[in-house]
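A.B. asks: predicted model, plus sequence, below.
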Amino acid sequence: MSAIFRDRRKAGSLDLEAVETAVRSALHQAGASALTQLLPYDPPDEDHRTLPCSCGHSAHYKELRSKTVLTVVGAVALRRPYYLCLHCSQGQYPIDMELGVAGLESSPGVRRMEAVVGSEMPFVAGCEPMKLLAGLEAPAKAIERAADWRADRPAGRTANRPRQTISPAPGIQTKHPGNLGVDGWGSSPRGSRGNRRPDRKDGWSARPYARV
C-alpha cells in the first residue's frame with residue numbers, strides 16, 4: 001500500500017483498479033492470517049482420545065495432521081487430530097465434520113460461490129469468475145463437486161427458504177420458459193435431476209433473469 005501512495009505522489013494520478021485490487025488482496029491476507037491462528041487444534045485430552053467407529057470398535061487418537069482449505073479469504077492451513085481404528089483401518093477427522101470440510105478442499109462459504117458459478121457455466125470456465133470476482137484460485141473439480149452437491153440437495157433449497165419463481169428479463173429468450181426457479185443459492189434451469197443442468201461441462205452460459 002505504501003508503494004501505491006508513493007507512486008501516486010510521483011505521478012499525480014491514481015489507478016483505482018490497481019488500488020482496490022491491492023486492498024482486497026491485503027484484506028484477504030489479513031483474514032487468512034487470522035483464520036490460520038484459529039484453526040490449529042491441540043491434541044485431545046486423555047478423556048477424548050477414543051471415538052466410536054462405524055465398524056463397532058473404537059478409533060484411537062494417533063496424531064495431528066494438516067491440510068489446506070480454500071476459504072473466502074484465501075487458502076489456510078487446518079491442523080487437527082486424526083483418529084484411527086486398528087480393527088478396520090478407517091481414519092476419522094472429527095474437526096473436519098464440525099467445520100463442514102470433511103473430504104473437501106473448500107470451506108462452506110467458498111462452496112456456496114462455486115455452486116452458483118458451476119450451475120451457470122462450464123466448470124473450467126467458472127475458474128475465471130471465481131478469480132475475478134472473489135480473488136480465489138478455485139480448481140474446476142471443486143466447482144464441479146459443489147455444483148453437483150447443490151443439485152443433489154432435496155428440493156435444491158433449505159427448509160427455511162421457500163422457493164420463488166422467476167421469469168426472464170424483458171426481451172430475453174430462454175430455452176426453458178416457465179421452468180426456472182431460484183433458491184437460497186442462486187438461479188438455474190431445472191433439469192432431469194432437480195435443478196441440475198444436463199451436460200453442464202459442455203456448457204450453458206449464464207443468462208440474466210429478473211425476479212417477479
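C.D. replies: Now that the structure is in, tell me what you want to look at.
A.B. asks: quick one: list the elements packing against the longest helix along the chain.
C.D. replies: In the chain, assigned by DSSP state H, the helix with the most residues is helix 16-38. With contacts defined as 3 or more Cβ pairs under 8 Å, 6 or more residues apart in numbering; DSSP states H and E, helix 16-38 has these neighbours: helix 2-11, strand 58-71, strand 74-85. From N, CA and C alone the C-beta is placed, and that goes for glycine too.
A.B. asks: okay, these in CSV with distance to residue 32, mean neighbour count and mean pLDDT next?
C.D. replies: Listed next are the helices and strands packed on helix 16-38 as CSV, based on distance: least, Cβ to Cβ, whole Å; neighbours: other Cβ atoms under 10 Å; pLDDT from 0 to 100:
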stretch, distance to residue 32, mean neighbour count, mean pLDDT
helix 2-11, 21, 10, 65
strand 58-71, 7, 16, 96
strand 74-85, 4, 18, 95
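A.B. asks: list the contacts of the residue nearest to residue 136 when sequence neighbours are not counted.
C.D. replies: Leaving out its chain neighbours, the residue that sits closest to residue 136 by Cβ to Cβ, 6 or more residues apart in numbering is residue 130, at 5.1 Å. By Cβ atoms under 8 Å, 6 or more residues apart in numbering, the contact list for residue 130 reads 113, 114, 117, 136, 137, 138, 143.
A.B. asks: for residue 29, see how far away residue 130 is.
C.D. replies: Taking Cβ to Cβ, to the nearest Å as the measure, residue 130 falls 18 Å from residue 29.
A.B. asks: now the terminal residues of stretch 49-68, how far apart.
C.D. replies: Taking Cα to Cα, to the nearest Å, stretch 49-68 runs 24 Å from one end to the other.
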